[in-house]
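A.B. asks: everything below, folded, please.
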Amino acid sequence: MKRGFYLVMAAQAFSSLADNALFIAAIALILELHGPDWMAPLMKWSFALSYVVLAAFVGALADSFPKGRVMFATNALKICGCLMMFLYANLGVSEQYQTYLVCLAYGLVGVGAAAYSPAKYGIVTEMLPPEMLVKGNSWIEGLTVFSIILGTVLGGVLISPAASLVLLDHQFIGKWVHTPAEAAILVIAFVYLLASLCNLLIPHTHVRYPPQQKNPIKLTRAFASYVRVLWNDKLGQISLAVTTLFWGAGAVLQLIVIEWGRRHLGYRLDEASMLMGVAAVGTVVGSILAGRIPLRKALCVLPVGALMGLVVLLMPLVKATWAVYALLLLTGGLAGFFVVPMNALLQHRGHVLLSAGHSIAVQNFNEQLNILLMVAMYTLMLWLQIPINTVIVLFGLLVAILMVLFMRWSRRNMSANPALQEQIGQEGHGRALDTPH
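C.D. replies: Predicted coordinates:
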């Protein structure tokens with residue numbers, strides 16, 4: 001691996017760490033402001049909305065400038081959102097609307113994340129050859145999920161009574177903050193600064209793309225054609241469907257685990273947030289094990305996704321601490337094991353057919369659109385006061401059934417065209433860009 005690749009991993013780790021810690025701190029801030037339970041999923045929804053609205057434009061942005069610089073600029077936008085959340089009480093907003101300001105601030109962080117993602121994943125395809133993509137993605141995904149663990153744990157620790165007492169009594173921090181959530185948000189801002197420093201050190205890959213379109217209408221039309229390209233590709237459509245389901249389900253599962261910990265297990269918010277970290281530990285292990293799977297065998301992991309949905313159905317049945325941890329580790333491990341090869345396959349097909357930035361933008365658009373849909377459904381169920389265990393059963397069945405349908409879809413594609421297997425791992429770049437769609 002090149003030195004620049006390790007800098008990309010470090011930048012991604014710090015940025016993702018801060019994103020996830022900020023989410024926990026923002027939930028704590030909403031609770032301090034006495035916001036309703038459905039405000040937390042609404043905040044996640046506002047974060048995902050940026051990916052969908054900006055999808056047509058962020059790919060062109062990522063391919064127009066050195067990706068390390070794009071990552072730096074978009075990370076700076078995340079810092080602005082973090083500071084906006086920190087200053088919620090000093091912006092002249094009425095108290096009754098301050099919870100909505102917190103959601104808006106996290107949505108601004110989402111704007112930065114949406115523009116950050118194509119540059120982050122696109123630079124991987126620029127640095128590594130196709131045969132290294134599964135290994136590279138295994139490291140990126142493993143480290144990303146590890147940062148989710150640490151971020152979730154960090155957020156929980158920072159809002160815990162013990163840590164809050166230390167932060168609020170600190171000579172410097174105590175001058176700026178008055179509540180545990182405010183103290184946590186201030187610390188998280190410094191993590192974003194570390195990510196920015198790593199961004200600045202990423203070397204130029206010297207990969208050049210054709211001049212990017214600047215007209216927003218033409219960009220939107222072009223992006224629609226890129227979406228059609230990947231969905232019409234017999235390999236791209238399966239990997240895109242699976243990763244779309246995975247990230248939508250993952251976003252809801254994060255919310256479910258926190259709510260399940262509070263309602264079913266009787267944990268405080270900081271204790272419940274640790275449970276998501278336990279699941280993420282399993283995902284890291286699964287991601288590392290998935291690094292041994294060659295790209296040509298990526299489709300073999302599809303049954304693991306269906307199994308993950310069935311394992312989730314066991315959550316309402318467990319209460320003992322060891323059983324809770326074991327179940328979450330298993331769920332996370334299955335998730336990491338099946339998503340890494342599918343993500344690598346999707347990136348490979350996107351790189352062959354389109355460009356690095358545009359293919360990742362298409363991927364993000366579909367994944368975040370599904371997050372909007374699934375989080376909206378979850379928010380509605382909370383608003384209707386459906387018991388959390390009932391929500392878990394519905395969620396697990398949905399994932400399992402959809403994965404079985406995707407497996408049948410993949411088998412049908414392979415039966416109709418056995419030559420598809422030979423297309424996995426082939427060299428190429430942007431083959432569909434000059435073809436009319």
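
A.B. asks: so Phe72 touches Leu200, yeah?
C.D. replies: Yes - using Cβ atoms under 8 Å, Phe72 is in contact with Leu200, at 5.7 Å. From N, CA and C alone the C-beta is placed, and that goes for glycine too.

A.B. asks: pick out whichever of these two has more residues nearby.
C.D. replies: Phe72 (21 against 13; other Cβ atoms under 10 Å).

A.B. asks: find the nearest non-adjacent residue to that one, please.
C.D. replies: Once flanking residues are discounted, Phe72 sits nearest to Asn199: 3.7 Å by Cβ to Cβ, 6 or more residues apart in numbering.

A.B. asks: which helices and strands does the host helix or strand of the one you found pack with?
C.D. replies: Assigned by DSSP states H and E, Asn199 belongs to helix 180-201. With contacts taken as 3 or more Cβ pairs under 8 Å, 6 or more residues apart in numbering; DSSP states H and E, helix 180-201 sits against helix 3-32, helix 67-86, helix 133-159, helix 161-169.

A.B. asks: will you turn those into TSV that also has distance to Ala251 and mean pLDDT?
C.D. replies: Output for the helices and strands packed on helix 180-201, formatted as TSV (distance: least, Cβ to Cβ, whole Å; pLDDT from 0 to 100):
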stretch	distance to Ala251	mean pLDDT
helix 3-32	10	88
helix 67-86	18	90
helix 133-159	11	76
helix 161-169	26	87
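
A.B. asks: and of these, who's closest to Arg228?
C.D. replies: helix 133-159 (23.5 Å; Cβ to Cβ).

A.B. asks: any idea of the angle the closest one forms with helix 180-201?
C.D. replies: Helix 133-159 and helix 180-201 meet at an angle of 150 degrees, taking axes from the mean of the first three to the mean of the last three Cα atoms, to 10 degrees as the criterion.

A.B. asks: what angle do helix 133-159 and helix 161-169 make?
C.D. replies: Using the same axes, to 10 degrees: helix 133-159 against helix 161-169 is 70 degrees.

A.B. asks: counting contacts, what elements does the helix or strand that contains Gly286 pack onto?
C.D. replies: Gly286 is part of helix 269-290 when elements are defined by DSSP H and E. The contact analysis (3+ Cβ pairs under 8 Å, 6+ apart) places helix 269-290 against helix 3-32, helix 133-159, helix 236-263, helix 321-353.

A.B. asks: got the buried residues for that helix?
C.D. replies: 269-270, 272-288, 290 (16 or more other Cβ atoms under 10 Å).

A.B. asks: ok, stretch 220-237 next?
C.D. replies: In stretch 220-237, counting by 16+ other Cβ under 10 Å, buried: Ala222, Phe223, Ser225, Tyr226, Val227, Val229, Leu230, Asp233, Lys234, Leu235, Gly236, Gln237.

A.B. asks: now render these as JSON lines, adding pLDDT, distance to Leu373 and secondary structure.
C.D. replies: Formatted as JSON lines, the buried residues of stretch 220-237 follow (pLDDT from 0 to 100; distance: Cβ to Cβ, whole Å; DSSP: H, G, I helix; E, B strand; the rest coil):
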{"residue": "Ala222", "pLDDT": "81", "distance to Leu373": "24", "secondary structure": "helix"}
{"residue": "Phe223", "pLDDT": "82", "distance to Leu373": "19", "secondary structure": "helix"}
{"residue": "Ser225", "pLDDT": "87", "distance to Leu373": "23", "secondary structure": "helix"}
{"residue": "Tyr226", "pLDDT": "84", "distance to Leu373": "21", "secondary structure": "helix"}
{"residue": "Val227", "pLDDT": "87", "distance to Leu373": "16", "secondary structure": "helix"}
{"residue": "Val229", "pLDDT": "86", "distance to Leu373": "23", "secondary structure": "helix"}
{"residue": "Leu230", "pLDDT": "85", "distance to Leu373": "19", "secondary structure": "helix"}
{"residue": "Asp233", "pLDDT": "82", "distance to Leu373": "23", "secondary structure": "coil"}
{"residue": "Lys234", "pLDDT": "83", "distance to Leu373": "25", "secondary structure": "coil"}
{"residue": "Leu235", "pLDDT": "80", "distance to Leu373": "24", "secondary structure": "coil"}
{"residue": "Gly236", "pLDDT": "79", "distance to Leu373": "21", "secondary structure": "helix"}
{"residue": "Gln237", "pLDDT": "86", "distance to Leu373": "18", "secondary structure": "helix"}
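
A.B. asks: worst-scoring helix or strand of this structure, pLDDT-wise?
C.D. replies: In the chain, no helix or strand scores lower on mean pLDDT, DSSP states H and E than helix 420-423, which sits at a mean of 68.

A.B. asks: leaving out chain neighbours, which residue sits closest to Trp139?
C.D. replies: For Trp139, ignoring the flanking residues on the chain, the nearest one in space by Cβ to Cβ, 6+ apart is Met9 at 6.2 Å.

A.B. asks: roughly how far does the one you found sit from Thr99?
C.D. replies: 35 Å (Cβ to Cβ, to the nearest Å).

A.B. asks: one more: Ala306?
C.D. replies: On the measure of Cβ to Cβ, Ala306 and Thr99 end up 38 Å apart.

A.B. asks: so the two - more neighbours on which side?
C.D. replies: For Ala306 and Thr99, the more surrounded residue by other Cβ under 10 Å is Thr99, and the numbers stand at 23 against 20.
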